Every structure is written in structure tokens, then in C-alpha cells.
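Engineer: Turn this into a model:
(2 chains)
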Amino acid sequence: MSLWRSGASGVAQGARREGASQSRTGWRDLYHAWLRHHRLSAADSMQRVLDNPVSSAMTWLVIGIALALPSGLNVALDNISQLSASWDSPAQISLFLHDEVSDERARELQTELSARADVSVSRFVSREEALEEFRSLSGFADVLSSLQANPLPHLIVVAPAQDSDQLAAAGLRAELEAYPDVAQAVLDMEWLQRLNSLMMLGRRLVWAVAGLLILGVLLILGNTIRLAIESRREEIVIVKLVGGSNAFVRRPFLYTGLWYGVGGGLFAGLLVGASLWFLQDTVAELARLYQSDFRLRGLGIMGGLNLIILGGMLGLAGAWLAVSRHLADIQPR
Amino acid sequence: MISFDRVSKRYAEGHDALREVSVEIARDELVFLTGHSGAGKSTMLRMIMLMERPTRGQVLVDGQNLAGVSARGIPRHRRSIGVVFQNHRLLYDRPVFDNVALPLIIAGYDHREVGRRVRAALDKVGLLSRERAMPVTLSGGEQQRVGIARAVVGKPRILLADEPTGNLDPALSAEIMQLFEEFNQVGVTVLIASHDLALISRLRHRIITLRHGRLVSGAAA
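Structural biologist: Numbering: from 1, shown residues only, chains lettered A, B, ... in the order given. Modelled structure (predicted):
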């Protein structure tokens, strides 16, 4: 199996003198030749990308923005679900007592509730404690101190037994609301469920947006590679004339796509990182106000790597699309 | 080495480029192919390179029937033939060295071997000192020599040339022809399409003449 026929006749005599006549070409040599051309194409494509820094940066930025949007939204959703996970279980039922219920009666009620089999924990928060807590956390201390009377009711927070499900918790809530001292019983799961279904909707939307944007990235890359092919049409014809195979002609363009994609992924990672950095202080302040140790979670190294790999794969795919459509059309005439 | 057996080519629009052409070209031979433009010279060269396939008849190159070469096999077939084009067909954004090296890069030679062979080929055509020059800075004759160096750098056994002296003055043309003769003397089969009768008739090689796609003279040595 020889790619290149050995020179039975030494054409360039200088070469013949040097004993450069070709020996057999084995699989090993073929593999090395293949590897060599990959290296050459990769370096040459990179050089061409870097030779036009402005237009390459534009391409990278376009791809970067298109990839940063869905991945940024995804990071946001991850953060929200991380936040809501800490409230997820056990569900709580807040019992707001009637204003006229006394401190002692409220404590009695709490003890009574604690004895129930379907209640695991209960906690009493008196109206004074509630006011104090509200005063220290909300930043409305001045307004609160100007009030004549404490507007807050007594509160008993009840956690259903560990093994109770949503339905049991809802049943318990209805039962507790029937107590004469209880003005209102609120199952704290409700808003969480709403949040969760909103987040599901959000995830779906992210996927839909991601699908569209990825399609867009493919088309952008395909078009960029098409233009690159167009601008090197004459060169492709010449390479085919002197015996370059389709794979040989294809390779540099696939690498061009890869570099654009990888660069785009890198830009996307940087964009997401920059936006998170921009939000960090505000979020930390907000978390402090809510007495939470919540911290904004970024892409992480793996997330960033994934973005770059995704970009690279999209680059290859886009280049492949363009190359398979346009290279076959270019034949020496 | 090259054999045409009753080869015809009819284009879709009904024009006959070749009609029943039969030619034998032996190993080590240098043959001129002549005729008016449109007589079928280029069509014959293009068939040898598999840029076209005959409508009828068979073309054999180095014992292989080209009808048996699939589209996938075309690149390898072309690598076994050196071709010189009338309009040079150089890569104008690459220096002379890269142009000549192209067939070796395609064949996958390592860079030391590429350097050796490219310099040997450039030395042969007298352009060793211009290896870093860009093709546009060279004269027409020099560009043609770069094209010749590229055609022979892979040591092909067959060398085709399509009007290699088309745009050159008589003195340069004679030099180019002399180069081809030298390659022929070391065993390369050379086929040159040219309408410069004054020049080729002086060189005492076989001349195949085509007229309107038919072979007029020179079918066999």
C-alpha cells in the first residue's frame, strides 16, 4: 500500500544522489503522514484564524453570546433550585393565632399539638419575639417603633411527621385550621410547589432557547466556513489537481470550525463568569438580609470545560455541514 | 505507458471532442500533442488525469484501465502523474517552497525529506535561490519553472504538460522544452500538448496531430 509511487526513475538527480529514493510505505508511515497532516492543518487553521483577529473575535463573540445565554439561564435556575432545596423538606405549617389568644393559651396549644402523632416538631413564636425578629432583620426598626401596638399575631410553626406526604400535610393543615384558637393555617409548601413548577417551565424554556441558539451557532459556523471555502476555491482546485483527497482538503476547514467553536465556548464561559461576578455582591447582600449563607454558584471548572467542548463540537459539526455541502462542488475544470 | 483505445468523448450538448482516437505512448518516450485549439488535446490530457472520462473506448495508464479507478481512487492516481499547466496554477499566497512542496505534503513526507526533495527540484529548474519568494514577484518563465518543479518533485513516471510555453518568448520556450527533454532522458514518460509547431518540429520527437477530435498522424512511434 503506497501513497506515493517510488521513483523508479530519479527525476531530480540531486535527490537521487542523496539516496532519497522512496522505500515501501507501510501502515506506520501512513499513520505518521496522517498525523503530520493533522498537526499541519491544525496549526495552519489556527494561524489563519489569528491572522484576522477582528473578524475571528467577532465570530467568537457571536458564538459566545449564543452559548452564554442558555448556559447563563441554566446557572441561574441551578442557583434558584439550590436555594429552594434547602426549604424543600420538611414542609411547615404556620398557624397564626387569633389576636385575643393569650400567651399561656398559646403555649398550651403548642404542647397539645406536639403530642399529636402526625406532628414531629412544633415551635412557638410569641408576638413579641416575632416583632423583635422582624425589627432586627427587616430594616424597618424606625417604622415599627412608631407603632402603637404590636400588629403581629402569635405563631406556632408545625412540622408534619417525617413520613407524611403532600396530601397528609394538606389534611393536617385543614385539621389544624379547625382549632378555635387558630385564625389561619398556612402550608408553606404551596408557594414552593408553585416555584417548582415555574422552574420546570423555566428549564423547558431554557432548553427551547438553547436548541434555537445552538441551531443558530451551527448556521453561523456553517456560513463562516462556507465563506472560507469560497475564498480558497482556487487553492482547493489546485490541491485536488495534484492529488489531494477529499479528506485532505476537508481537514483544514474542519479545524477552522473547531477553533471558532472552541474560542466561542471560551468566550461564553467568560461572559457567564463576568455576569456572575457582576451579580455576586448584590446577591450576597440580599442573602445577608435574609440571614442566609446562600452564595451564587458559578459554572465551575467542569461547566466551563463543558461549554468549551460543546463549542468545539458545534464548530466541527457546523464545519462538517458546510464542507460536505460545498467541497464536493469544487472540482477541477 | 499511456494507451488510448478507440476513445470517443461526446459532451452533453452533442459536441464531439474526441472521435475513435487510438494512441500508444511507450515508457521513456517524449511525445508532442498538437492541433488547433478545440482539436481535443486538452481532452486527452484531462482523461489521463481523470478529470474526464471517455464516452466510449478505454484509456490505460501504466497498465491500469482508468475505467476501473473509482472516484475515491482518483487522488492517488493523480499523485502518480506530474502535471504542468499553461496558467501555472500556483498558490499565490504561498512562497515558492510551499508551492513545490504541496505534492509531498499531500503524500505525507516528513519535513526533512520534503526539504531535500523540494530543493533538489528547485535546483533542477534553476530557482534554488528563490525558494522564499512569492510567485507574483517571479517572471512568467520563472513561474512556469515553479510549476515544473512542483510536477516533478514527487518523481512521477509520467509528466503531462498543457501548453507549457503558451505565454513565453521563443528563447524561454526552448529552455523549458530542454528541461522536459532532460526529465525524459532520466526515464520519465513526457506528453506535451502544444500548438507551437515551429518549436516542436525542431525537437525531433514524435508528434501526434489531432484535428476536430480525430487523430491525423503520429498514432504509433
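Engineer: Could you list the low-pLDDT ranges of chain B?
Structural biologist: Within chain B, the stretches with pLDDT under 70 are B:220-221.
Engineer: Which stretches in it count as strands?
Structural biologist: With strands called from DSSP state E, chain B shows them at B:2-10, B:16-25, B:30-34, B:56-61, B:64-65, B:81-84, B:158-162, B:189-193, B:206-211, B:214-217.
Engineer: do the longest one and chain A meet at all?
Structural biologist: Looking back up the chat, that one is strand B:16-25. No. Using C-beta under 8 Å from any C-beta of the partner chain, strand B:16-25 stays clear of chain A, with a minimum separation of 13.9 Å. (C-beta placed from N, C-alpha, C; glycine too.)
Engineer: ok, and what's touching that strand?
Structural biologist: Identification of contacts with strand B:16-25 by C-beta atoms under 8 Å, 6 or more residues apart in numbering or on different chains yields B:1-11, B:31, B:40, B:43-44, B:54, B:57, B:189, B:191, B:208, B:210, B:212-215, B:218-221.
Engineer: For it, buried residues please.
Structural biologist: B:Ala17, B:Leu18, B:Arg19, B:Val21, B:Val23, B:Ile25 (16 or more other C-beta atoms under 10 Å in any protein chain shown).
Engineer: Would you map the helices across chain B?
Structural biologist: B:41-48, B:74-79, B:96-107, B:111-124, B:140-152, B:170-185, B:197-201 (DSSP state H).
Engineer: I'd like the distance between B:Pro54 and B:Leu197.
Structural biologist: 27 Å (C-beta to C-beta, to the nearest Å).
Engineer: Neighbour count: those two, which is higher?
Structural biologist: Neighbours were tallied for B:Pro54 and for B:Leu197 using other C-beta atoms under 10 Å in any protein chain shown; the higher tally belongs to B:Pro54 (22 against 13).
Engineer: Smallest gap between chain B and chain A, at which residue?
Structural biologist: B:Gly108 (2.2 Å; C-beta to the nearest C-beta).
Engineer: thought that residue was touching A:His37?
Structural biologist: Yes. Counting by C-beta atoms under 8 Å, A:His37 is a contact partner of B:Gly108 at 6.3 Å.
Engineer: What number of residues are in the vicinity of residue 27?
Structural biologist: No chain in the question, so chain A it is. 8.
Engineer: Not quite, go with chain B.
Structural biologist: Counted by other C-beta under 10 Å, the residues lying close to B:Arg27 total 14.
Engineer: Thought B:Thr189 was touching it, still the case?
Structural biologist: Yes. Look at B:Arg27 against B:Thr189 with C-beta under 8 Å: they come within range, at 5.8 Å.
Engineer: Show me where chain A has its helices.
Structural biologist: Assigned by DSSP H, the helices in chain A fall at A:13-17, A:27-51, A:53-88, A:103-114, A:127-138, A:141-145, A:166-177, A:189-231, A:233-241, A:246-289, A:300-326.
Engineer: As TSV, those with mean pLDDT and distance to chain B would be great.
Structural biologist: Converted to TSV, the helices of chain A look like this (pLDDT from 0 to 100; distance: least, C-beta to the nearest C-beta, whole Å):
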stretch	mean pLDDT	distance to chain B
helix A:13-17	35	4
helix A:27-51	87	2
helix A:53-88	85	17
helix A:103-114	86	82
helix A:127-138	80	69
helix A:141-145	76	74
helix A:166-177	81	64
helix A:189-231	88	10
helix A:233-241	91	5
helix A:246-289	90	6
helix A:300-326	91	15
